[in-house]
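**Student:** The following block contains a protein sequence and its predicted model.
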Amino acid sequence: MQIYLVGGAVRDRLLGRPVSDRDYVVVGATPEAMLAQGYKPVGKDFPVFLHPHTGEEYALARTERKSGRGYAGFAFDTSATVTLEEDLRRRDLTINAMAESEAGELVDPFDGKRDLDARVLRHVSEAFVEDPVRLLRVARFAARYAPLGFHLAAETQVLLAEMVRNGEVDHLVPERVWAETRKALGEAQPSAFLRILRDCGALARLFVEIDALYGVPQRAEYHPEVDTGIHTEMVVDMAARLAPGDTLIGWCALVHDLGKALTPADQLPRHVGHEASGVAPIRALAERYRPPNEYVELAVLCCRLHLNAHRAFELRPATVLELFEQLDGFRKRERVEQFLLVCSADKRGRLGLSEAPYPQADWLRQAYAAAAAIDAKPFVARGLQGAAIGEAVRKNRIAAIAALKPAPDPRSG
């Protein structure tokens, strides 16, 4: 029985990145031998065991044979005769198909180290096309490693397009699409995820609402990048910069402008009312992929209300308070900051504006703090009852916001 460290732990160690999870492959063993040594079985489709002391995962070496459509259509062989190279061959990318022996020796039959050094994402074998989830995984790895200069091998790009053409991508289950998308939005450069999906045609199949944004023009004085799809890429990257790893912020940034794809052609490049028309496509995406309710609710709010944040200096104090109330900000205090992060990403996710100030967010934070400092206790102590308490709180919150109201700054728009 031989044990090898495999996959991401080997890859990230060679990249000099922190190693969080360690997975192991066991060659020449049987389930009975693993149980005899105290390993605890957890695998459903194939034998995976937890180490009796560390709790880390140890999987028997296996091969896979396509037996149907989609992610689950595989038959597995986990016999003791399966070799390490056969196990590594079934993996997605060469940089994920390296192993390390217990003596620390690198086992690299598919030149993963070479591709790692060259910053290339390359498939291991033609079997790549058999699992549609790999398409999403490759796009997610691109989102993670694009800042390091990684790019997709030309032959792998061809395979991704083939998976779209042959319909394999249409068999992805919603849960897997959402899981990989959510992870991608938590990476350093989510735009790479979108670009790879779009280049192979998968974005139009999986996220037609987002694909429809590409080629839609915007007013150049507000959006020097003009193309709404390019703007969306810039916004998700800015969200990743402002809120690293926060997939909720990333998701709201991704879908905040979906309404612009629905603007009638004779109105372009203006997008009057896009904040209202964008709600329906957000809900359509949510119906298809079932993200958590929190993601849907905040995405709808950001879509509907983001222009109010940009116009903060033009709003009446009562309208500013209504903005906080629509966000349910006095019960869910985190909502205001989440909303402002998305709006900041929108404002700074534009060509040449990545370092531009966004004073509206700072002022809205001050306005919210002033309004939130007003509560009901003094008015109850004064003897007010029922609706009169709420009216007094609201009146005093408006006054607190009005006291902060700055003169409009024409440079801030």
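**Tutor:** Ah, there it is. Worth saying up front: this structure is predicted, and the values here are computed from it rather than measured.
**Student:** isn't residue 309 right up against residue 360?
**Tutor:** Yes: using CB atoms under 8 Å, residue 309 is in contact with residue 360, at 5.7 Å. No exception for glycine: its C-beta is placed from N, CA and C like everyone else's.
**Student:** middle-most residue in this structure, spatially?
**Tutor:** residue 185 (1.6 Å; CA atoms, centre = their mean).
**Student:** quick one: low-confidence ranges for the stretch 101-250 of the chain?
**Tutor:** The stretch 101-250 of the chain contains no residues with pLDDT under 70.
**Student:** In it, what residue spans correspond to strands?
**Tutor:** For the stretch 101-250 of the chain, strands defined by DSSP state E, counting those that start in this stretch occupy the ranges 106-107, 120-121, 151-152.
**Student:** Need the winner for burial among the ones you listed.
**Tutor:** strand 120-121 (a mean of 22; mean count of other CB atoms under 10 Å).
**Student:** Sheet partners, orientation included, of that one?
**Tutor:** Note on strand 120-121: by DSSP bridges, its sheet partners are strand 151-152 (parallel).
**Student:** which residues touch the partner strand?
**Tutor:** 119, 120, 121, 138, 142, 160, 196 (CB atoms under 8 Å, 6 or more residues apart in numbering).
**Student:** Run the chain-centre distance for that strand.
**Tutor:** Remark: strand 151-152 is offset 19 Å from the chain centroid, using CA atoms, centre = their mean, to the nearest Å.
**Student:** what do you get for stretch 359-373?
**Tutor:** Centre-to-centre, stretch 359-373 and its host chain are 28 Å apart (CA atoms, centre = their mean).
**Student:** still on that earlier bit, compile the strands of the stretch 101-250 of the chain into TSV and extend it with columns for distance to residue 389.
**Tutor:** TSV is the format used below for these (distance: least, CB to CB, whole Å):
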stretch	distance to residue 389
strand 106-107	70
strand 120-121	60
strand 151-152	60
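**Student:** Quick one, which of those gets closest to residue 260.
**Tutor:** With CB to CB as the criterion, residue 260 lies closest to strand 151-152 of the strands of the stretch 101-250 of the chain, at 27.9 Å.
**Student:** Contact partners for residue 162?
**Tutor:** Listed by CB under 8 Å, 6+ apart, the contact set of residue 162 reads residue 129.
**Student:** mind listing the helices for the stretch 1-150 of the chain?
**Tutor:** Assigned by DSSP state H, counting those that start in this stretch, the helices in the stretch 1-150 of the chain fall at 8-15, 31-36, 84-89, 112-118, 133-145.
**Student:** Buried residues, the first one. List them.
**Tutor:** Think helix 8-15. Neighbour-count burial for helix 8-15 flags 8, 9, 10, 11, 13, 14, 15 (criterion: 16 or more other CB atoms under 10 Å).
**Student:** Surely the fourth one and residue 116 touch.
**Tutor:** Looking back up the chat, that one is residue 11. Yes: if you go by CB under 8 Å, residue 11 and residue 116 touch, sitting 6.8 Å apart.
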